[in-house]
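Below are the sequence and a predicted model for it; my questions follow.
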Amino acid sequence: MPKKQYGVLIHGAGWVSTQHIAAFKKNPATKIVAVSSRSIESARRQTNEAGLADVTCFDDYQKALAHPDVDIVSICTPQHVHCENVLDAAGAGKQLVIEKPIGISLEELRLMQHAVQSAGVKTVVSFVLRWNPLFRTIKGMIADNAIGRPYYVEADYLSHMGSWWQGWNDARTLAQGVSAMLVGGCHAVDAMRWFAAEGEFEAATPTEVFAVSGGYRKGSKHEYNCLTNTWSDDAPPMEYEGLEVVLVKFSNGAVGKVSVNADCVMPYRFPIRIFGDQGSFFDNQVWSHKYVGQTDWVKLPTILPDSTDVNHHPFQSEIDHFVECLDDDVESHCNLQDAIKTHEVVFAAQQCYQTGMPSHLPLA
Ligand SMILES: NC(=O)c1ccc[n+]([C@@H]2O[C@H](COP(=O)([O-])OP(=O)(O)OC[C@H]3O[C@@H](n4cnc5c(N)ncnc54)[C@H](OP(=O)(O)O)[C@@H]3O)[C@@H](O)[C@H]2O)c1
């Protein structure tokens with residue numbers, strides 16, 4: 001039984017918000033009371049399409065925050081406004097669901113960290129793959145010693161991000177998107193941290209990063225559409241490099257390799273390799289010391305992280321988890337403090353491109 005019903009404000013009425021709305025609608029402990037966006041038309045359209053009743057629409061975030069029934073704010077705006085949205089909501093004492101990436105600079109991470117700590121509010125960051133069924137199965141098996149101690153993890157975000165995504169026009173620029181790793185690859189960084197730790201609800205702490213970047217697509221108007229398998233020649237160009245390869249050392253001794261490849265000409269893939277001292281995972285296949293006499297890989301029949309479509313992502317599980325955290329007065333394993341460690345890897349990689357040297361974390 002829910003302990004309380006929480007009023008929810010959805011802020012930023014675009015693609016990802018459709019799934020936040022659907023998840024809050026289904027959770028019996030939450031009620032969406034307000035939707036705000038840059039334009040009132042978007043807020044109203046989203047409200048109508050979702051069939052929400054008794055909802056107030058706003059094009060003014062401050063007024064929306066002042067709605068007396070708002071307990072939780074779900075931040076679904078583009079990444080370059082997340083920090084100011086978080087500071088305002090934390091200042092108003094609201095609990096926070098924050099879309100990734102949480103911010104676009106190290107300074108923003110520190111500002112949000114301070115604001116959330118000072119306000120004493122709870123947060124969950126939408127590294128939603130932590131709730132993907134394959135991720136949950138693997139994490140449970142690692143915690144159950146299926147592969148011994150993970151000592152090396154690889155995760156890759158292979159997505160020709162482009163104009164097929166309506167958020168691309170914000171995300172493709174240096175000023176607002178910063179890098180391919182920040183925009184999309186941060187999911188793979190988070191997966192690497194998640195699988196490099198043995199605890200079921202624990203992510204590893206990165207201590208050292210070395211990175212190189214490359215690819216061929218930066219500045220080009222030639223763009224592939226992986227959904228239709230077609231090309232266009234007048235696309236707004238991506239202002240940063242599409243390929244980044246990052247090596248990470250963790251405080252528990254594990255090592256990781258993560259890449260983002262926004263230049264790849266192929267459908268979306270998110271491959272995972274986890275090597276333990278008593279077994280391994282290759283995506284949904286496992287080789288384990290527990291299966292005595294194993295002669296072939298054991299395949300786990302479950303849902304893989306193989307789609308970019310937001311309606312494939314397990315937002316329901318993320319939102320249900322956050323409501324449980326609020327009810328039980330505990331922090332999420334995927335709170336802002338934890339997500340900062342994932343983002344620091346991304347910003348450390350940026351430092352490596354400048355210095356040609358490894359970066360040590362936490363970043364100064
Ligand atoms: N966790 C995941 O797997 C996942 C998946 C997809 C996206 N995301 C993240 O979610 C965020 C939003 O992405 P999206 O795909 O939903 O983008 P989107 O479709 O462009 O939606 C963003 C919405 O925010 C509104 N907006 C823009 N600037 C604003 C401002 N200054 N103040 C208030 N509202 C503003 C826009 O509303 P108007 O229509 O009113 O102008 C737009 O509809 C991004 O950070 C993205 O990386 C995460």
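Received the coordinates, thanks.

rest of the way, CA atoms for contacts and neighbours
Fine.

so where do the helices sit in the stretch 151-300 of the chain?
168-171, 180, 186-195 (DSSP state H, counting those that start in this stretch).

from the chain's centre, how far out does the last one sit?
Spelled out, that is helix 186-195. 9 Å (Cα atoms, centre = their mean, to the nearest Å).

name the helices or strands packed onto it?
Judged by 3 or more Cα pairs under 8 Å, 6 or more residues apart in numbering; DSSP states H and E, helix 186-195 is in contact with strand 150-158, strand 255-261, helix 336-355.

Would you mind saying which of the helices of the stretch 151-300 of the chain lies nearest Ala115?
Distance to Ala115, taken as Cα to Cα, is lowest for helix 186-195 among the helices of the stretch 151-300 of the chain, at 22.5 Å.

tilt between that closest one and strand 255-261?
160 degrees (axes from the mean of the first three to the mean of the last three Cα atoms, to 10 degrees).

Give me the mean pLDDT for helix 186-195.
Throughout helix 186-195, pLDDT has a mean value of 98.

That helix near the ligand at all?
No. Judged by Cα under 6 Å from any ligand atom, helix 186-195 and the ligand are separated, with a smallest distance of 7.8 Å.

Leaving out sequence neighbours, find the closest residue to the residue of the stretch 101-250 of the chain at minimum distance from the ligand.
In the stretch 101-250 of the chain, the residue that lies nearest the ligand is Gly167 (3.5 Å; Cα to the nearest ligand atom). Nearest-residue entry for Gly167: Pro78, 7.1 Å, with adjacent residues in sequence omitted and distances by Cα to Cα, 6 or more residues apart in numbering.

who touches the residue most central in space within the chain in this structure?
By Cα atoms, centre = their mean, the mean C-alpha position of the chain lies nearest to Phe127, the distance being 3.0 Å. For Phe127, the contact set (Cα atoms under 8 Å, 6 or more residues apart in numbering) comprises Glu99, Lys100, His187, Asp190, Cys334.

What is the burial count for the residue of the stretch 101-250 of the chain closest to the ligand?
Gly167: 17 surrounding residues under other Cα atoms under 10 Å.

how near is it to Met161?
10 Å (Cα to Cα, to the nearest Å).

Count the residues that sit near Leu227.
Leu227, neighbours per other Cα under 10 Å, totals 11.

What is the neighbour count of the nearest residue to it once chain neighbours are set aside?
Once flanking residues are discounted, Leu227 sits nearest to Pro267: 7.2 Å by Cα to Cα, 6+ apart. Residues lying near Pro267 (other Cα under 10 Å) number 16.

Quick check: Pro267 touching Tyr224?
No. The criterion here is Cα atoms under 8 Å, and Pro267 misses it with Tyr224 at 10.2 Å.

re earlier: want to throw the helices and strands packed on helix 186-195 into a markdown table with mean neighbour count and mean pLDDT?
A markdown table is the format used below for these (neighbours: other Cα atoms under 10 Å; pLDDT from 0 to 100):
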| stretch | mean neighbour count | mean pLDDT |
| --- | --- | --- |
| strand 150-158 | 23 | 98 |
| strand 255-261 | 24 | 98 |
| helix 336-355 | 21 | 98 |
